[in-house]
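Colleague: need coordinates for the following:
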Amino acid sequence: MPRFPLSERWYRWSADHIVGIDRTIAAFLALVGVAASVGVGWVDVVIALGLTVPLAWRRIRPVASAAMVALFSVAYLVVTSDQTNLVLPGICVPVALYALAAYGPRWASGWGLAAAILGVTAAGFRYFGGEQSTWQAHAFLIAFLIVYITAVWAFGDLRRVRNQELEGLTERARLLELERAQEAEIAAINERTRIAREMHDIVAHSLTVVIAQADGGRYSAAADPAAAVTALETISQTGRQALTDMRALLSVLREDRPREYSSTPGVSDIDTLIEEVRKGGLGVQLTTDGERRVLSTGAELTAYRIVQESLTNVLKHAGPAASVEVTERWTDTALELTVVDDGRGASGALVAPSAGGQGVLGMRERAELYGGSFEAGPAPGGGYRVHTALPYSRGE
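Modeller: Down below sits the predicted model:
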């Protein structure tokens, strides 16, 4: 537990018990005032209580407290003519004025200062305006009382400014904490969306290849055992790669184990992807136009995933004997990728996003995230066409 200096501990404790402290001080002043007024008369006792008791609520009800002290100060000024008994109002009036300036509304603070100046001026004429005092001394005394009461009000107003600054800083800290919590929540949502998208790409593509290879191996097992063995090897490789990618992806959700990392696929891995799909029996032709340029890691992954998802949709929906043409075109400003098939799966691919929620919609989100464009729809003459353009730089 941290140890604080004595002054700071007192400040923390007093801030938590401020009402009790005010009531204790008010009770002490009330006892002193009553004790000093017992032998004088009951009117003086009432006035003493009226000057001291309202100080118990000087912070939580500053206007009412100051008004009561002002009222009984006027009564004291009217009833009492002995200047030796000015100690009690001399304490209560400045305390009430300070509390009004520090904790009350600004309009009440201004009226309180004006009333206090009038009160000390009247008190100066009533109690210190005798024949034994010169007018110079009298004027100096009244000026001193006015300066004193104004200084008390100024210190209270300074406390008001400090309280407002503390409230502003507290509110700002609360808003910053709320903003930080919202940013963390948004980041978590974005991370979950990214993981869901990556999981869909990995699982959908891998399972599609596995199913295609399993069906091909089953049909060719009797006639061509070697083809069946090749299909099983492809299934094994695809499954291992998918398991590695899923472990690396899901390791970010585990805090009790070190993270696993795997290389992020990019444009250069599209060739390997196409070779893998060809082993599944799909005829794919790759055409590269232009010299390859450098893309960001995210854009490289986006290009790979769009081609992967497009080929997966062809395997799912295009039907048997379909062929695909993948065009990789490097222009001056962007990488353009086009995947066109001649199958019969246009309608199936169109409804895939609404059913699974991650197909064409996920490809579009990936492309737009890196400032690119995306188009997908039936190709003229049959089949399905996917086209995306990824700029080399989002600022271009």
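Colleague: from here on, contacts and neighbour counts on C-alpha atoms
Modeller: OK.
Colleague: quick one: Ser109 and Ala101 touch, right?
Modeller: Yes: using C-alpha atoms under 8 Å, Ser109 makes contact with Ala101 at a distance of 4.8 Å.
Colleague: please pull out the lowest mean pLDDT helix or strand from this structure.
Modeller: Counting by mean pLDDT, DSSP states H and E, the weakest-scoring helix or strand in the chain turns out to be helix 346-356, with a mean of 44.
Colleague: that older thread, what about Ser109 and Ala101, which has more around it?
Modeller: Remark: of Ser109 and Ala101, Ala101 carries more neighbours, 28 against 24, as counted by other C-alpha atoms under 10 Å.
Colleague: quick one: contacts of the helix or strand hosting the more buried one?
Modeller: Using DSSP states H and E, Ala101 falls within helix 87-103. Helix 87-103 is contacted from outside by 29, 33, 48, 51-52, 55, 58-60, 62-63, 65-66, 69-70, 73, 108-110, 112-113, 116, 149, 152-160, using C-alpha atoms under 8 Å, 6 or more residues apart in numbering.
Colleague: ChimeraX command to pick out the buried ones of these?
Modeller: Restricted to buried positions by 16 or more other C-alpha atoms under 10 Å, the ChimeraX selection for these reads:
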select :29,33,48,51,52,55,58,59,62,63,65,66,69,70,73,108,109,112,113,116,149,152,153,154,156,157,159,160
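Colleague: where exactly do the strands run in this protein?
Modeller: Assigned by DSSP state E, the chain shows strands spanning 283-289, 323-330, 334-341, 373-378, 384-391.
Colleague: want to throw these into a markdown table with distance to Thr80 and mean pLDDT?
Modeller: Below are the strands of the chain laid out as a markdown table (distance: least, C-alpha to C-alpha, whole Å; pLDDT from 0 to 100):
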| stretch | distance to Thr80 | mean pLDDT |
| --- | --- | --- |
| strand 283-289 | 106 | 88 |
| strand 323-330 | 101 | 90 |
| strand 334-341 | 95 | 91 |
| strand 373-378 | 90 | 89 |
| strand 384-391 | 91 | 91 |
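Colleague: make a markdown table out of those and add mean neighbour count.
Modeller: Formatted as a markdown table, the strands of the chain follow (neighbours: other C-alpha atoms under 10 Å):
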| stretch | mean neighbour count |
| --- | --- |
| strand 283-289 | 14 |
| strand 323-330 | 20 |
| strand 334-341 | 22 |
| strand 373-378 | 18 |
| strand 384-391 | 23 |
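Colleague: mind checking which residue lies nearest the centre of this protein?
Modeller: The centre of the chain sits closest to Glu179, judged by C-alpha atoms, centre = their mean, with a distance of 1.5 Å.
Colleague: and that residue, how far from Glu165?
Modeller: Using C-alpha to C-alpha, to the nearest Å, we find Glu179 at a distance of 21 Å from Glu165.
Colleague: swap in Glu309?
Modeller: Distance from Glu309 to Glu165, by C-alpha to C-alpha: 57 Å.
Colleague: between these two, who's got more neighbours?
Modeller: Just comparing Glu309 and Glu165: by other C-alpha under 10 Å the higher neighbour count belongs to Glu309, 21 against 12.
Colleague: that one against Leu361, yeah?
Modeller: No: the criterion here is C-alpha under 8 Å, and Glu309 misses it with Leu361 at 11.0 Å.
Colleague: tell me the helices and strands packed up against the longest helix anywhere in the chain.
Modeller: Longest helix of the chain, by residue count under DSSP state H: helix 135-220. Applying 3 or more C-alpha pairs under 8 Å, 6 or more residues apart in numbering; DSSP states H and E, we find helix 135-220 packed against helix 87-103, helix 106-127, helix 225-250, helix 297-317.
Colleague: of those helices, which is nearest Leu141?
Modeller: When the helices and strands packed on helix 135-220 are compared by C-alpha to C-alpha, helix 106-127 sits nearest Leu141, at 7.2 Å.
Colleague: roughly how far does the residue lying closest to Thr24 once chain neighbours are set aside sit from Glu8?
Modeller: Counting by C-alpha to C-alpha, 6 or more residues apart in numbering, Thr24 lies nearest to Ala56, which is 7.7 Å off, once chain neighbours are set aside. Per C-alpha to C-alpha, Ala56 is found 24 Å from Glu8.
Colleague: so these two - more neighbours on which side?
Modeller: Ala56 (20 against 11).
Colleague: what sits against that one?
Modeller: Ala56 neighbours (C-alpha under 8 Å, 6+ apart): Val19, Asp22, Arg23, Thr24, Ile25, Ala26, Ala27.
Colleague: tell me the contacts of the third one?
Modeller: Read that as Arg23. If you count contacts by C-alpha under 8 Å, 6+ apart, Arg23 has them with Leu55, Ala56, Trp57.
Colleague: ditto for the last one
Modeller: Under the criterion of C-alpha under 8 Å, 6+ apart, the contact partners of Ala27 comprise Thr52, Val53, Ala56.
Colleague: got a markdown table for those residues, with distance to Thr170 and pLDDT too?
Modeller: A markdown table is the format used below for these (distance: C-alpha to C-alpha, whole Å; pLDDT from 0 to 100):
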| residue | distance to Thr170 | pLDDT |
| --- | --- | --- |
| Thr52 | 33 | 87 |
| Val53 | 33 | 88 |
| Ala56 | 27 | 87 |
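Colleague: for the residues you listed, which one is nearest Thr121?
Modeller: Taking these together and measuring to Thr121 by C-alpha to C-alpha, the closest member is Thr52, at 21.7 Å.
Colleague: these two touch, right, the closest one and Leu31?
Modeller: No: using C-alpha under 8 Å, Thr52 is not in contact with Leu31, being 9.0 Å away.
Colleague: now Leu295, nearest residue through space, not along the chain?
Modeller: Nearest non-adjacent residue to Leu295, counting by C-alpha to C-alpha, 6+ apart: Tyr392, 5.6 Å away.
Colleague: ok, that neighbour - how many residues close by?
Modeller: Counted with other C-alpha under 10 Å, Tyr392 comes out at 21.
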